[in-house]
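# predicted structure and sequence below. I'll ask about it afterward.
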Amino acid sequence: MSRVITPDICVIGAGSAGLSVAAAARAFGVEVAICEEAAMGGDCLNSGCIPSKSLIAAARHAHAIRTAAAFGVHPGPAGAPEGAGDPVATNMEAVRAHIRAVIAGIAPHDSQARFEGLGATVIRARARFTDPRTVVAGDTTIRARRFVVATGSRPALPKVPGLTTVPHLTNESVFDLGDLPEHLVILGGGPIGLELAQAYRRLGAAVTVVEAARALGRDDPELAAVVVARLRAEGVAVLEQTRAAGVVADSAGGVRVETLAADGTRRTIAGSHLLVAAGRRPNVEDLGLEAGEIGFGPRGIRVDAGLRTGNRRVYAIGDVAGSFQFTHWAGYHAGLAVRSILFRLPVAERRDILPWVTFTDPEIGQVGLSANAARAAGHSVTVLSAPYAGNDRAATAREAEGMLKLVVGRGGRILGAAAAGPEAGETLAMLALAVGQQMTVKAFADTVFPYPTHAEIARRAALTYYGKSLANPWLGRLLRLLRAFG
Ligand SMILES: Cc1cc2nc3c(=O)[nH]c(=O)nc-3n(C[C@H](O)[C@H](O)[C@H](O)COP(=O)(O)OP(=O)(O)OC[C@H]3O[C@@H](n4cnc5c(N)ncnc54)[C@H](O)[C@@H]3O)c2cc1C
Ligand SMILES: NC(=O)c1ccc[n+]([C@@H]2O[C@H](COP(=O)([O-])OP(=O)(O)OC[C@H]3O[C@@H](n4cnc5c(N)ncnc54)[C@H](O)[C@@H]3O)[C@@H](O)[C@H]2O)c1
């Protein structure tokens, strides 16, 4: 039986972005309807962050076993011979069960039952605008005061001849593999490609990454090179400046990928499995955006700095809004939309505080402005750096590769930071606070950091700001004068 409801807010898409809006609205007692056509929790929970980080956690154990000998620890019963082949045996069914168990553990937080318990109306159907003020989902017509489109994104298939005709994996299917691929060929050396390349290599697969440009192209090239070198040292073949020129199925059920490098070199790579990790496409199709008078393009729904679409009643947030595609960014968008919708406060997205981390080992990421972006924005910039080779915590785990860079503006203000190194994501989380709160290097100089921590590297880099002033002859004279007083 069809029904008409009139909530204050209608959210389309129950992923990180949409559910954050719904939870906040209910916390303030505001009526909200949520439309979701597939699994509650969206990409992050079901086919993105959570399964990928769970797989990475499994792979870390495999790596720890293989590298244990350097610490004087040998896997297997006491007295077992050393160096007798690979000590790791991966049971991919069990790895898959681990991933599913992690998802199942988090799922109640994003579930229909939880949101209905909070007082939201949850409609499990595809939603479409039928006019600028109406959405229809299944047999429900929703006339809300405000709409929030949070429909996310899906894997993009690059235009590679043959790709659509051969069996291939994406993030929507790769975590369901019950067998370890013999040779996984990955198209794309972005965050998805490299996180999964290292994880599958550690679990025992041969892995080749085919990247048309530079791997981790959004990150600082010097830092990205640290990660790529580590992957290569672990046995991942990373082919940069190399594009896939064609794909065919082979008779054994695998694929043959023809590649063309920038220098003209052609190769054929025979893989047992092909994973496409070549970027994302916003979910804008079949949403009735024209009927809703909502503008969109290939990057997603067009929004202003306050995340409002051409139809002032409608906001677009998260992956579909065409800027950055991260769960924390979706959550940030949700907060802005809630402030605007509930409190009518003016809001504006601040891209100069965005952090990201790619969870390879070592981790790599950035927060705030890069040196180039800061200069382009008119800042006078100093880049301070410290190597992980000087960090005692890193030394204890024999993980001395990489470095941290701080982008510092006038008065020592921290405008940005980037790092590749052990647990770099945790240190960048702390630096996200420094960037967001406009802190200066002095705050780091004045803070006592616990020893030995990876995060101390940020203080070490910050202190180099004072290097020049320490060599100032006037400071030397002042010290001599003070000594003269006894
Ligand atoms: C492999 C992988 C690893 C990742 N790792 C990280 C990470 O470590 N850290 C990080 O920050 N980000 C990570 N991301 C990115 C992160 O997953 C996304 O940025 C985030 O999930 C976006 O949230 P969203 O709410 O915008 O979209 P989604 O989570 O995609 O949710 C959109 C929802 O809308 C629904 N929907 C779509 N159209 C309709 C419709 N018409 N009607 C009803 N429902 C509809 C969909 O079914 C979906 O559930 C990763 C992504 C991938 C693919
Ligand atoms: N840790 C994290 O935060 C995390 C992890 C995974 C994904 N994500 C999010 O998901 C998004 C999508 O990730 P992604 O890695 O798929 O996309 P991406 O756009 O970041 O990287 C895709 C890569 O594929 C390459 N490529 C495209 N077509 C190609 C072709 N025909 N042949 C060879 N290479 C080709 C591109 O040059 C690019 O480097 C990310 O941008 C990020 O926002 C985040």
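Okay, I see it. Ligands and ions are numbered 1, 2, ... in the order given.
# list, one by one, the residues from this structure near ligand 2.
Residues of the chain that fall close to ligand 2, judged by C-beta under 6 Å from any ligand atom: 158, 160, 187-193, 195, 210-213, 217, 243-244, 277-280, 325-326, 356-359. The way it works is simple: take the backbone N, C-alpha and C, and place the C-beta from them, glycine included.
# filter those down to the buried ones and hand me the ChimeraX line.
Applied in ChimeraX, the following selects the buried portion of these according to 16 or more other C-beta atoms under 10 Å:
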select :160,187,188,189,190,191,192,193,195,210,211,212,243,244,277,278,280,325,326,356,357,358,359
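# quick one: which of the residues of the chain next to ligand 2 sit in strands?
Under the assignment DSSP state E, these contribute L187, V210, R243, A244, R280, W356, V357, T358 to strands.
# looking at these, which is nearest R302?
Nearest to R302 out of those is R280 (C-beta to C-beta; 17.2 Å).
# contact partners for that closest one?
Under the criterion of C-beta atoms under 8 Å, 6 or more residues apart in numbering, the contact partners of R280 comprise S153, R154, P155, A156, D319, Q325.
# okay, it: pLDDT?
At R280, the pLDDT value in this model is 98.
# give me the number of residues near A70?
A count of nearby residues for A70, using other C-beta atoms under 10 Å, gives 8.
# please report how far it lies from ligand 2.
Taking C-beta to the nearest ligand atom, to the nearest Å as the measure, A70 and ligand 2 are separated by 27 Å.
# neighbours around the closest residue to that residue other than its chain neighbours, how many?
Once flanking residues are discounted, A70 sits nearest to R398: 6.1 Å by C-beta to C-beta, 6 or more residues apart in numbering. By other C-beta under 10 Å, 11 other residues sit near R398.
# secondary structure class for R398?
Of the three states, R398 takes coil under DSSP: H, G, I helix; E, B strand; the rest coil.
# was I right about it contacting G72?
No - taking contact to mean C-beta atoms under 8 Å, the distance of 11.6 Å between R398 and G72 leaves them out of contact.
# check the closest residue to ligand 2 within the chain and give its pLDDT.
Nearest residue of the chain to ligand 2: G190, at 2.1 Å (C-beta to the nearest ligand atom). With respect to pLDDT, G190 has a value of 98.
# tell me which residues touch P422, please.
Contact criterion C-beta under 8 Å, 6+ apart gives D361, P362, E363, Y388, R393, A394, A397, E399, G402, H454 as the residues in contact with P422.
# so how far is L433 from it?
Distance check for P422 against L433: by C-beta to C-beta, to the nearest Å, it reads 20 Å.
# sorry, back to before: show me which of the residues of the chain next to ligand 2 neighbour ligand 1.
The subset of these within reach of ligand 1, by C-beta under 6 Å from any ligand atom, is I192, Q325, F326, F359.
# which residue, other than its chain neighbours, is closest to the second one?
I take that to be Q325. Ranked by C-beta to C-beta, 6+ apart and with sequence neighbours excluded, the top spatial neighbour of Q325 is D319, at 4.6 Å.
# could you report the neighbour count for that neighbour?
Neighbour count for D319, taken as other C-beta under 10 Å: 32.
# swap in A89?
Burial of A89, expressed as a neighbour count using other C-beta under 10 Å, amounts to 9.
# now the one 10 residues further on
Here the neighbour count serves as a burial measure; for I99 (other C-beta under 10 Å) it reads 20.
# elements contacting the host helix or strand of it?
Under the assignment given by DSSP states H and E, the secondary-structure element containing I99 is helix 92-106. When contacts are defined as 3 or more C-beta pairs under 8 Å, 6 or more residues apart in numbering; DSSP states H and E, helix 92-106 sits against helix 42-47, helix 49-67.
# how about the last one: buried residues?
Within helix 49-67, the residues that qualify as buried by neighbour count (16+ other C-beta under 10 Å) are 49-52, 54-56, 58-59, 62-63, 65-66.
# go on, the first one?
Residues of helix 42-47 classed as buried: G42, D43, C44, L45, N46, S47 (neighbour count, 16+ other C-beta under 10 Å).
# and the second one, how far from ligand 1?
Going back to what we said before, that points to D43. 4 Å.
# verify the stated contact: that residue with G15.
Yes - the criterion here is C-beta under 8 Å, and D43 meets it with G15 at 5.9 Å.
# spit out the residues that contact these two alike.
Joint contacts of D43 and G15 (C-beta under 8 Å, 6+ apart) are G152, D319.
# so where does L384 fall, helix or strand?
strand 382-387.
# what is that strand packed up against?
strand 403-408, helix 456-463.
# which parts of the stretch 301-450 of the chain are strands?
According to DSSP state E, counting those that start in this stretch, the stretch 301-450 of the chain carries its strands in the segments 314-316, 355-358, 363-368, 382-387, 403-408, 414-421.
# rebuild those strands as a markdown table, extending it with mean pLDDT and distance to E258.
Putting those into a markdown table (pLDDT from 0 to 100; distance: least, C-beta to C-beta, whole Å) gives the following:
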| stretch | mean pLDDT | distance to E258 |
| --- | --- | --- |
| strand 314-316 | 98 | 39 |
| strand 355-358 | 98 | 28 |
| strand 363-368 | 98 | 30 |
| strand 382-387 | 98 | 40 |
| strand 403-408 | 98 | 37 |
| strand 414-421 | 98 | 32 |
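# from the buried residues of helix 42-47, which is closest to ligand 1?
G42 (2.4 Å).
# I'd guessed that closest one sits against G13; true?
Yes - using C-beta under 8 Å, G42 is in contact with G13, at 6.7 Å.
# where do the contact lists of these two overlap?
Counting by C-beta under 8 Å, 6+ apart, the shared contacts of G42 and G13 are G152.
# picking that back up, the helix holding I99: how far from the chain's middle?
Taking C-alpha atoms, centre = their mean, to the nearest Å, one finds helix 92-106 lying 20 Å from the centre of the chain it belongs to.
# and the helix or strand following that helix, what other elements does it pack with?
Towards the C-terminus, the helix or strand next in line after helix 92-106, according to DSSP H and E, is helix 112-118. Secondary structure elements in contact with helix 112-118, counted by 3+ C-beta pairs under 8 Å, 6+ apart, are helix 16-27, strand 121-123.
# among these, which is the most enclosed?
For the helices and strands packed on helix 112-118, ranked by mean neighbour count under the definition mean count of other C-beta atoms under 10 Å, the leader is helix 16-27 at a mean of 24.
# contact partners of it?
Under the contact criterion C-beta under 8 Å, 6+ apart, helix 16-27 has outside partners 8-9, 11-12, 14, 31-32, 34, 36, 40-44, 110, 115, 118-120, 148, 150, 152, 317-319, 327, 330-331, 333-335, 337-338, 341-342.
# only whichever of those residues are buried, select them in PyMOL.
What follows is the PyMOL syntax for the buried subset of those, where burial is set by 16+ other C-beta under 10 Å:
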select buried, resi 8+9+11+12+14+31+32+34+36+40+41+42+43+44+110+115+120+148+150+152+317+318+319+327+330+331+333+334+337+338+341+342
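# cross the contacts of helix 16-27 against helices and list the overlap.
Secondary structure defined by DSSP state H assigns 42-44, 115, 118, 327, 330-331, 333-335, 337-338, 341-342 of those to helices.
# show me the two of those that sit farthest apart.
When those are compared pair by pair using C-beta to C-beta, the farthest-apart members prove to be D43 and L342, with a separation of 26.0 Å.
# what is the burial count for V226?
V226, neighbours per other C-beta under 10 Å, totals 22.
# before we move on, back to that, quick check, nearest of the ones in strands among the residues of the chain next to ligand 2 to D286?
R280 (17.4 Å).
# for the closest one, which non-adjacent residue is spatially closest?
Here the residue nearest R280, using C-beta to C-beta, 6+ apart, is S153, at 4.0 Å.
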